[in-house]
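have a look; sequence and predicted model below, questions after that.
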Amino acid sequence: MATDSGPGLYAVTRGSGPRIVLVHGFTQNHRCWGPVADDLARDHEMVLVDAPGHGRSAGVEADLRTGADLIAEVGGQGTYLGYSMGARFCLQLALDHPDLVTRLVVVGASPGIADEDSRSQRRERDGALADRMAELGLPAFIDEWLAQPLFAGLDAARGLVRDRLDNTVEGLQSSLRLAGTGSQPSLWPRLEELAMPVLVVTGASDHKFCAIADEMVPAIGPNARHLVVPTAGHAAHLENRDAFLSLLRAWLRKPQVQRTS
């Protein structure tokens, strides 16, 4: 079932059972969860969201906080699972709407850049990247984006180029400028507010984000856990889908720690 709430976000709902809300990464859309969503839909209700500036939400311009509010409106209460950009949206959502997030799963997540000067420099790079996108056009930009070392583990099929081409230059530009890492307020000081069970997932080859995860988990507290997907990089759920699903399902089955203080 598709949901298009006027000025809000587009989402597709399918399956039945406990709800999981999926929020994709930059240049993707709701279809990019592919077989991961298919597997989870066997025993869960899945809400697959097109994030602001992406897919059928391409016309929605929103910063991280406003985007998190919009995702909360369409997602409702459940487990929230976000990848990369989607993980940053889900972190913000869990902090601003903790009553809606029964469990939080983030893949390749960053709580932002703590240093203001570094954040300003990243904001400038994000803006320059948005300008370059207009110069290159969408197909060439997607090729260049996926050629980054960060995505070295994605082959042509798992790179989901065809789905990424359903985006628009204008939508992705607004996403970069408004909700890119350079525009994201640092959430590091607020991580201790996350009282729900939190799973932080990284690919074993994604050394940068493994290091970030190792800082995030103690900052959150005993309700958080870091699990590493073998033979995978940044897009761990796409690069080694079976191992990712095995780790995720085992975690979902176990009684979770809800921090009370």
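Okay, I see it. None of these values were measured; they are calculated from a predicted model. Numbering: from 1, shown residues only.

now do stretch 236-249, average pLDDT.
Mean per-residue pLDDT for stretch 236-249: 97.

residues of it that come out buried?
Neighbour-count burial for stretch 236-249, counted by 16 or more other Cβ atoms under 10 Å, picks out Ala236, His237, Leu238, Glu239, Asn240, Arg241, Ala243, Phe244, Leu245, Leu247, Leu248. All C-beta spots, glycine's among them, are computed from the backbone N, C-alpha and C.

wait, the fifth one sits on Val228?
No. With contacts defined as Cβ atoms under 8 Å, Asn240 does not count as touching Val228, sitting 10.6 Å away.

common neighbours of the two, please.
Common neighbours of Asn240 and Val228 (criterion: Cβ atoms under 8 Å, 6 or more residues apart in numbering): Gly203.

what is the burial count for Thr260?
If you count neighbours by other Cβ atoms under 10 Å, Thr260 ends up with 6.

same question, Asp115
Asp115 has 10 nearby residues by other Cβ under 10 Å.

the one 4 residues further on too?
For Arg119, the number of neighbouring residues by other Cβ under 10 Å comes to 17.

could we number from 675 for the rest of this?
Fine by me, first position is 675 from now on; the one you just mentioned is Arg793.

is it true that Thr776 lies in a strand?
Yes. Counting by DSSP: H, G, I helix; E, B strand; the rest coil, Thr776 is found in a strand.

ok, what's across the strand from the nearest residue to Trp707 once chain neighbours are set aside?
For Trp707, ignoring the flanking residues on the chain, the nearest one in space by Cβ to Cβ, 6 or more residues apart in numbering is Leu696 at 5.2 Å. Note on Leu696: beta-bridge partners Leu722, Leu755, judged by DSSP bridges.

where does pLDDT dip in the protein?
Scanning the chain for pLDDT under 70 picks out the ranges 675-681, 830-833, 935.

go ahead and flag the most central residue of it.
Gly760 (2.0 Å; Cα atoms, centre = their mean).

contact partners for that residue?
Leu696, Val697, His698, Gly699, Ala725.

centre of the chain versus stretch 783-799, how much separation?
For stretch 783-799, the separation from the chain centroid amounts to 17 Å (computed by Cα atoms, centre = their mean, to the nearest Å).

hmm, who's touching that stretch?
By Cβ under 8 Å, 6+ apart, stretch 783-799 touches 756, 758, 761-762, 764-765, 854-862, 865, 874, 883, 886-887, 890.

any chance you could list what contacts stretch 908-923?
699, 706-710, 713-714, 755, 757-758, 779, 781-782, 824-825, 827-828, 832, 834, 873, 875-877, 880, 883, 901, 903-907.

helices of this structure, residue ranges please.
Assigned by DSSP state H, the chain shows helices spanning 708-714, 738-749, 759-770, 790-810, 812-820, 830-833, 835-838, 843-853, 881-894, 910-913, 915-927.

go through the fourth one and flag the buried ones.
Residues of helix 790-810 classed as buried: Arg793, Arg796, Arg797, Asp800, Gly801, Leu803, Ala804, Met807 (neighbour count, 16+ other Cβ under 10 Å).

surely the fourth one is in contact with Thr855?
Translated: Asp800. Yes. Counting by Cβ under 8 Å, Asp800 touches Thr855, with 7.0 Å between them.

one step back: out of the buried residues of stretch 910-923, which is nearest to Ala742?
His911 (20.6 Å; Cβ to Cβ).

the closest residue in space to the closest one that isn't next to it in sequence and Ala909, how far apart?
Leaving aside its chain neighbours, His911 sits nearest to Phe918 (4.5 Å; criterion: Cβ to Cβ, 6+ apart). Distance of Phe918 to Ala909, given as Cβ to Cβ, to the nearest Å: 10 Å.
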